[in-house]
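In: predicted coordinates and the sequence they were generated for:
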Amino acid sequence: MNRNYITSIEGNETVLVQYVAAVLAGTCRARATYPFPYRLSGCPDCLNTPLIGYFLRQEPFELARVEEFFNQLRRLDKRGFNGIYYSFDQWVKATIEEPYFTKQPEPNARQLVRRPDADPAGLNPEHVRFMCFLAVCHRKYGPSWSYITAQEYFDMATALGSDEPAKLKLFGSGRLPPALTVCEAETVRCVANDAFATIRITMRQATEAGYRRALEFVNALLQADFPRSYGISFISPEKHYLPVRGLPKKGVHAFFAGAARYESLHPLLVEYATRAMRPDEWYLDLPDEQCALPGTFAVLALGWVSEAYFGLLRQYLQTVDEEHQSIHQKYTPAFVEKFGITEDSLPVFIGFVLSVQQHEPSRVVAEAFAARRPLELLLACRREFGSYLPEAADATDDAEGLATYLWQNVLHTIFGPEKTRLKLSKSASDDLRPLYTELFATA
């Protein structure tokens, strides 16, 4: 394999000039294999770190040109934004953070405080504006936790006397047309800010027409260059929530639960959920202990009103990050109580159990399985349990061991700990005892 990459600036300036021109012209390409170097006819392959470092050294620093270079690289790099942001962040650290700020450690976070001896008069204001541009990009294209870096950049800009964060907070980046960021209708007003990843929906009257216009507004945003992790605030003279104990009574919950009451709006809700569900993205205005994948409340609301959306529920449960999100397990007992255990509902129930690391047991769930037909369905599930597992499970070194572990999680969620299962099996009626014996068998 060719590893003759350009890895440093020094001695490669002549070639890097050609790479810069090719990136801006859109004629540069990236190799498909790690470490995904850029390639240009007649030149050695080039890693992005020296290319970005070289480009940012050039004077004069022309903001429009730098932003265009950044956007072209984001489209070119095989990893997109995630492949290039580190080098740009290092530039911010060397150019703005270290010369002008000092770190003040806090118990749970890092705080940057402006140095009293650092005079921002000598700082290029275009550098600060580009830092704010990077902050917006972190919110738009980075993983959900990138909002921390974005806020840090905004705070530094404000501390240096820049009004750029204040303008971004009021008007957004300006890169989305006003028709996408503001909606004024008779019963509803919607405003979106891509720089701070916020969507504000204010209902003057809670009507079907108002919900429709708001959903159309949000769906149009998700087709545009809007952050994939965001917050939705909802103000309305009346609010509706799903009758599920433990789900947070927040605006985003009320908005989608209210919209789901209208059957004619279900296609818009399905469209929203399908666009919104992306791994590693989150609603940003929920506390950490109640974090939720975008689309959560739309999917749960649809799943509550009709069995027709069980497939969407399963799609959602396969997308959820089981290591970080568990809020949806509050829905499981209510779901079982409403729909019971049937051929259609059992796969959804199993999806809920497998979508968290350790699902809580529930009396409602245990009672739902205390009959012959649900136990027979569960036994059929065990015999074909591999079809319920995520595709990634087949690629693990110990797929069989993982399946056994997950099956034990299913049993624990339904029947409780092993000693409880033993008592249940012994006390069961003669017609149910063989089913329990096979379900609880370790082999």
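Out: Perfect, thanks for sending it. Numbers count the residues shown, from 1 in each chain.

In: for Val410, which non-adjacent residue is closest in space?
Out: With sequence-adjacent residues excluded and distances taken as CB to CB, 6 or more residues apart in numbering, Val410 is closest to Val353, at 5.2 Å. In short, each C-beta sits where N, CA and C put it, glycine included.

In: so that neighbour is in contact with Gln408, correct?
Out: No. Applying CB atoms under 8 Å, one finds Val353 not in contact with Gln408, separated by 10.8 Å.

In: comparing those two, which residue is more hemmed in?
Out: Here Val353 and Gln408 are compared on neighbour count by other CB atoms under 10 Å; more neighbours surround Val353, at 22 against 13.

In: please, which helix or strand holds that one?
Out: helix 345-354 (DSSP states H and E).

In: and the contacts of that helix?
Out: Applying CB atoms under 8 Å, 6 or more residues apart in numbering, the external contacts of helix 345-354 come out as 303, 307, 310, 313-314, 317-318, 322, 328-329, 331-332, 335-336, 339, 341, 359, 365, 374, 377-378, 381, 388-390, 406, 409-410, 413.

In: for stretch 199-211, same thing?
Out: Contacts of stretch 199-211 (CB under 8 Å, 6+ apart): 185-192, 214, 217-218, 221, 230-238, 251, 255, 258-259, 262, 264-265.

In: so what's Thr437 closest to, chain neighbours aside?
Out: Ser425 (6.2 Å).

In: what residues are up against that neighbour?
Out: Arg433, Tyr436, Thr437, Phe440.

In: in the helix or strand hosting Arg421, what's buried?
Out: Assigned by DSSP H and E, Arg421 belongs to helix 418-427. By 16 or more other CB atoms under 10 Å, the buried positions in helix 418-427 come out as Arg421, Leu424, Ser425.

In: what does stretch 79-89 give?
Out: Phe81, Gly83, Ile84, Tyr85, Ser87, Phe88, Asp89.

In: and for the residue nearest to Ala220 when sequence neighbours are not counted, the neighbour number?
Out: Leaving aside its chain neighbours, Ala220 sits nearest to Leu180 (5.9 Å; criterion: CB to CB, 6+ apart). Around Leu180 there are 17 other residues, counting by other CB under 10 Å.

In: pLDDT score assigned to Leu180?
Out: Listed pLDDT for Leu180 reads 95.

In: ok, and what's touching the helix or strand containing it?
Out: Taking DSSP H and E as the definition, Leu180 sits inside helix 178-181. Here helix 178-181 makes contact (CB under 8 Å, 6+ apart) with Gly172, Val191, Ala192, Asn193, Asp194, Ala220, Leu221, Ala224.

In: of those residues, which is the nearest to Pro50?
Out: Asp194 (31.2 Å; CB to CB).

In: for the closest one, what are its contacts?
Out: Val136, Arg139, Lys140, Gly172, Ser173, Arg175, Leu176, Thr181, Asp225, Phe226, Pro227.

In: what about 10 Å?
Out: Applying CB atoms under 10 Å, 6 or more residues apart in numbering to Asp194 gives the contacts 136, 139-140, 168, 172-176, 180-181, 221, 224-227, 230.

In: and what of Thr158?
Out: Neighbours of Thr158 in contact, by CB under 10 Å, 6+ apart: Arg114, Val128, Cys132, Glu164, Pro165, Ala166.

In: for Ala166, same thing?
Out: Counting by CB under 10 Å, 6+ apart, Ala166 has contacts Phe154, Ala157, Thr158.

In: repeat that for Leu284.
Out: Leu284 neighbours (CB under 10 Å, 6+ apart): 139, 144, 147, 196-198, 227, 229-232, 291, 294.

In: got those as TSV, with pLDDT columns?
Out: Below are these laid out as TSV (pLDDT from 0 to 100):
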residue	pLDDT
Arg139	89
Ser144	76
Tyr147	86
Phe196	90
Ala197	91
Thr198	95
Pro227	91
Ser229	91
Tyr230	94
Gly231	94
Ile232	97
Cys291	90
Pro294	96
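
In: most neighbours out of those, which is it?
Out: Pro227 (30 neighbours).

In: next structured bit after the helix holding Arg421?
Out: helix 433-440.

In: so which residue is dead centre in this structure?
Out: When CA atoms, centre = their mean is applied to the chain, the residue found nearest the centroid is Glu281 (0.6 Å).

In: ok, back up a step: of the contacts of Ser425, just say which sits nearest to Pro287.
Out: The nearest one, if we look at the contacts of Ser425 relative to Pro287 and count by CB to CB, is Phe440, at 38.1 Å.

In: neighbours of the closest residue to Leu422 other than its chain neighbours, how many?
Out: Using CB to CB, 6+ apart and skipping the chain neighbours, the partner closest in space to Leu422 is Phe440 (7.7 Å). By other CB under 10 Å, 15 other residues sit near Phe440.
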